[in-house]
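Visitor: coordinates only, sequence not included:
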């Protein structure tokens, strides 16, 4: 009887620990990067999602760690490592990283009317940070900067929520 009691109590402790871990907030570190040099944002550079450009040649980028998080509460800590440019970060749900987004060539920006924005932090100054937290369901999510030319310069990435 004592052995059965210990077994039940041990299982309850493990289950309680797993419930606590499952309800913990996931944290994604987001780094906004602009490579040195003069950038011409007057035309599209074609490094957008689904374009399959050589991202090693992209002038900008969004790095995230981790790229896979559990469903539930997710906190995004965003840091602009750029030396001179303001950036923003927009979070939107997407089907996969091979889809092309509607793009306004005249404005050199993603057409935000065609994609559902879930969260956004605007005007993150160089060497500054910002954060936001929200509940996410399983799926793929795009993080991108939509200042003129930045998205097509490579400033985007996709994360997955399981």
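Guide: Yep, that arrived. From a predicted model like this one, the values you see are computed outputs, not experimental measurements.

Visitor: where does the prediction get shaky in the protein?
Guide: Applying pLDDT under 70 to the chain picks out residues 1-23, 36-44.

Visitor: how about 50 then?
Guide: Across the chain, residues meeting the criterion (pLDDT under 50) sit at 1-2, 4-22.

Visitor: do a quick rundown of the strands in it.
Guide: Remark: strands assigned in the chain by DSSP state E are 26-34, 60-65, 68-69, 72-80, 87-94, 103-104, 109-110, 117-124, 129-136, 139-144, 156-161.

Visitor: pick out the residue nearest the middle of the protein.
Guide: By CA atoms, centre = their mean, the chain has its centre lying nearest to residue 143, at 3.6 Å.

Visitor: show the contacting residues for it.
Guide: Contact analysis of residue 143 by CB atoms under 8 Å, 6 or more residues apart in numbering lists 30, 62, 64, 76, 89-91, 156-159. All C-beta atoms are positioned from the backbone trio N, CA, C, and that covers glycine.

Visitor: what is it paired to in the beta sheet?
Guide: Counting by DSSP bridges, residue 143 forms beta bridges with residue 91, residue 157.

Visitor: from residue 159, how far off is it?
Guide: Note on residue 143: its distance to residue 159, by CB to CB, to the nearest Å, is 7 Å.
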